[in-house]
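[1] What follows is a predicted protein model with its sequence.
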Amino acid sequence: MDVIKAPFELSSGQRIWMTASIGTSLYPQDARSTERLLRNADAALYQAKDAGRNTYSSYTAELTQKAKHYLSMDTRLRNALDNNELRVFYQPLIDLATGRCKGVEALVRWHDPQVGLVPPMDFIPHAEQSGLIKPLGEWVLQQAIADFQSWLAQGIDLGVLAVNLSPRQFTEAGLVQKIANILADKHFDAQRLELEITETALISRGDQAECDLHALKALGVSLAIDDFGTGYSSLAYLKRLPIDKLKIDRSFIKDLPDDVAGGEIVAAVIAMGKAMHLEVLAEGIETAEQQAFLKQKECTTGQGYWFSRPLPASELLKIYRTSNQPIPQFA
């Protein structure tokens with residue numbers, strides 16, 4: 001690795017720097033056949049890459065278990081996409097001043113017929129790593145739009161539909177055209193669609209993110225930065241982006257109102273959002289005290305278990321129909 005790190009010079013005079021990721025497997029401790037030694041070294045190599053590259057990793061038996069789990073999850077998730085095992089749940093977005101629903105966020109859930117409901121954290125990271133997040137994300141967008149249109153046809157207007165774009169989706173070639181085609185095919189009003197992109201995903205794209213967001217904005221959709229506060233973006237960078245909403249990450253909300261430092265950070269983000277004419281939404285509200293604090297700081301919108309867990313479409317409509325208000329109230 002030290003040798004590879006040393007710069008070398010091309011015939012043009014340009015200097016090049018390289019790094020290496022290395023996986024090792026030892027004979028005879030780890031395996032006795034050439035095929036298995038190479039397979040084990042390959043598993044260790046991927047661990048080195050996952051650790052950030054420019055490092056090395058040695059094979060352990062645990063890597064075999066990880067590889068088996070990866071392959072099993074890959075097969076099961078592909079089958080889930082093919083066999084209609086995925087579901088879209090909806091979590092209301094609440095006007096903190098009135099308690100009324102002003103939109104819903106679409107969240108994917110997986111009901112495995114063998115093990116029941118699979119937590120998102122058990123399969124979303126795998127989908128992101130394997131590339132399955134692209135067909136999965138497209139399916140969620142199409143299904144959520146179909147549900148929303150069905151509600152509108154019944155005279156039920158829940159405001160806006162928020163759908164997440166994963167970091168890997170955001171880098172996908174042809175993403176803007178794909179979304180444009182879905183909107184056209186479904187005859188869905190782009191102004192009702194809000195696309196959420198994490199702050200970390202934006203930063204990883206650098207200046208290209210600005211171009212991508214302007215292209216998405218040109219479709220007529222709204223844009224939100226999800227998990228705001230976790231990606232360390234600069235204000236100079238933020239003000240260049242054509243965004244409409246900041247979603248304050250739940251890590252800043254969970255200890256309110258007792259967390260003085262966290263409370264000041266949240267208040268500062270709300271004030272910054274107002275100055276930039278952005279809607280500010282607080283994620284992960286779980287208590288009346290948190291809602292009261294955010295309302296007092298003039299945060300306009302919130303979501304979290306205090307109002308409602310993510311619900312299947314049928315349960316969300318049940319709340320709507322049992323409410324005596326034209327727009328359902330959750331607080």
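    In hand now; what should we look at?

[2] Give the other helices and strands that whichever strand or helix holds residue 202 contacts.
    Residue 202 is part of helix 199-205 when elements are defined by DSSP states H and E. Helices and strands touching helix 199-205, by 3 or more Cβ pairs under 8 Å, 6 or more residues apart in numbering; DSSP states H and E, are helix 167-170, helix 207-217, strand 222-228. In short, each C-beta sits where N, CA and C put it, glycine included.

[3] Distance from the second one to the middle of the chain?
    Meaning helix 207-217. 17 Å (Cα atoms, centre = their mean, to the nearest Å).

[4] Which elements pack onto that helix?
    Against helix 207-217 (3+ Cβ pairs under 8 Å, 6+ apart) you get helix 175-186, helix 199-205, strand 222-228.

[5] What residues sit buried inside the longest one?
    For helix 175-186, a neighbour-count test (16 or more other Cβ atoms under 10 Å) marks 175-176, 178-180, 183 as buried.

[6] picking that back up, counting neighbours, which bits of the helix holding residue 202 end up buried?
    Buried-residue list, helix 199-205, by 16+ other Cβ under 10 Å: 199-202, 205.

[7] Which member of the residues you listed is positioned nearest residue 220?
    Nearest to residue 220 among the buried residues of helix 199-205, counting by Cβ to Cβ, is residue 202 at 20.2 Å.

[8] what residues are up against that closest one?
    Going by Cβ atoms under 8 Å, 6 or more residues apart in numbering, residue 202 touches 170, 209, 213, 225, 231, 233, 241.

[9] per-residue pLDDT, the third one?
    It refers to residue 213. pLDDT for residue 213: 94.

[10] Could you do the second one as well?
    On pLDDT, residue 209 comes in at 87.

[11] Surely it and residue 241 touch.
    Yes: assessed by Cβ atoms under 8 Å, residue 209 is found in contact with residue 241 at 7.4 Å.

[12] Is it correct that residue 195 is in contact with residue 213?
    No: counting by Cβ under 8 Å, residue 195 sits too far from residue 213 to count as a contact (9.2 Å).

[13] between the two, what contacts are shared?
    With Cβ under 8 Å, 6+ apart, residue 195 and residue 213 have common neighbours residue 223.

[14] Is residue 68 located within a strand, as I assumed?
    No: with DSSP: H, G, I helix; E, B strand; the rest coil as the criterion, residue 68 is helix rather than part of a strand.

[15] For burial, what's the neighbour tally of it?
    Residues lying near residue 68 (other Cβ atoms under 10 Å) number 10.

[16] three-state assignment of the residue nearest to residue 90 when sequence neighbours are not counted?
    In this structure, residue 90 finds its nearest non-sequential neighbour in residue 104, 4.2 Å apart by Cβ to Cβ, 6 or more residues apart in numbering. Of the three states, residue 104 takes strand according to three-state DSSP.
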